[in-house]
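Student: Next comes the sequence, and after it the predicted model I'd like to discuss.
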Amino acid sequence: MSPTEKALRIQALKAKHTFAIQWYSLVIAIGLVAVTFAVAKDVPYQHRTTGALSAFYLSSVGTQPWLINQVFPFAMALSVSRNAFVRATMLIIAVEALVAGVGLTVLSRLESATHGWFVHMRLLNMPYIHQDNAFTQFLVYGVPMAVVSTMMAFIAAVFRAFGQIGLWVFAVGLAVVAVAIIMVLTLTHSADGILHFFGSQPMLADLALYPLALVVLFGTGWALLMKRARV
């Protein structure tokens, strides 16, 4: 067994409590919203759109912090190298994004075929993320999953490398940068132009192509931080 395979097996020990939890959340969301719209029959079709899909992504935010802060020390105790742990985590994030893209695409087509889970609701196949092509739909659903995972992995690595003070400094620094950007955009009157630019782009670009830059940014930062993460 290679070191990467060993790290993968360790990270997948409690897969049903970590990697499957977003699918549990999605099933619950579909069930609750379907029951709601089945009861509220007077709600017109154009208002039967819900943002419950966010539960799928939000329920996965704890996976990477748990893996890095709980499983990482355990893996080190079993003589798994840092490089092997990093490679295994990269593979897991890639598989998560792949499964999310394929699974949500299939479910969105099923939602369309059943006329909104038989109650004419739109939870997955929403107008502003719908893609006619299955591959582009896969990207629109899958890439945000990779963004969430890499961002949370980066934040967990900051804590692992620098502790609570380091995490606080990172949060303060992020707030300062955000305020500085807002001030520059306000003073230069360029906020409307930027919003118009992204608003005029196809959803494939806004939800898949541009977010890939965040995956590369946070993924690179996370991999570097894991080199000095405390055990």
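Tutor: Cool, got the structure.

Student: make it CA atoms for all contacts and neighbour counts henceforth
Tutor: Fine.

Student: Buried by neighbour count: which residues of the lowest-mean-pLDDT helix or strand in the chain qualify?
Tutor: None of the helices or strands of the chain scores lower by mean pLDDT, DSSP states H and E than helix 15-18, at a mean of 75. By 16 or more other Cα atoms under 10 Å, the buried positions in helix 15-18 come out as Thr18.

Student: Put the alpha carbons of that helix into PDB.
Tutor: Presented in PDB, the C-alpha positions along helix 15-18 are these (Å, rounded to 0.1, in the frame of the first residue of the first chain):
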ATOM      1  CA  ALA A  15     -17.100   8.700   5.400                       C
ATOM      2  CA  LYS A  16     -20.800   8.400   6.200                       C
ATOM      3  CA  HIS A  17     -20.400  11.100   8.900                       C
ATOM      4  CA  THR A  18     -18.300  13.400   6.800                       C
END
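
Student: Please name every helix or strand in contact with the helix or strand just after it.
Tutor: Downstream of helix 15-18, the first helix or strand assigned by DSSP states H and E is helix 21-39. Judged by 3 or more Cα pairs under 8 Å, 6 or more residues apart in numbering; DSSP states H and E, the packing partners of helix 21-39 are helix 54-58.

Student: quick one: Phe118 and Glu111, what's the gap?
Tutor: With the distance defined as Cα to Cα, to the nearest Å, Phe118 ends up 8 Å from Glu111.

Student: Which residue of the two possesses the greater neighbour count?
Tutor: Remark: of Phe118 and Glu111, Glu111 carries more neighbours, 19 against 13, as counted by other Cα atoms under 10 Å.

Student: and the angle for whichever strand or helix holds that one with helix 21-39?
Tutor: Assigned by DSSP H and E, Glu111 belongs to helix 82-113. With axes from the mean of the first three to the mean of the last three Cα atoms, to 10 degrees applied, the angle from helix 82-113 to helix 21-39 works out at 20 degrees.

Student: Let me see the confidence value for the residue nearest to Ile30 when sequence neighbours are not counted.
Tutor: Sequence neighbours aside, Leu123 is the residue nearest to Ile30 in space, at 7.3 Å (criterion: Cα to Cα, 6 or more residues apart in numbering). Note for Leu123: predicted pLDDT of 91.

Student: What residues does Leu123 make contact with?
Tutor: 30, 49-53, 116 (Cα atoms under 8 Å, 6 or more residues apart in numbering).

Student: Show me just the buried residues among these.
Tutor: 30, 49, 52-53, 116.

Student: most residues in a single helix of the protein, which one?
Tutor: helix 134-187 (DSSP state H).
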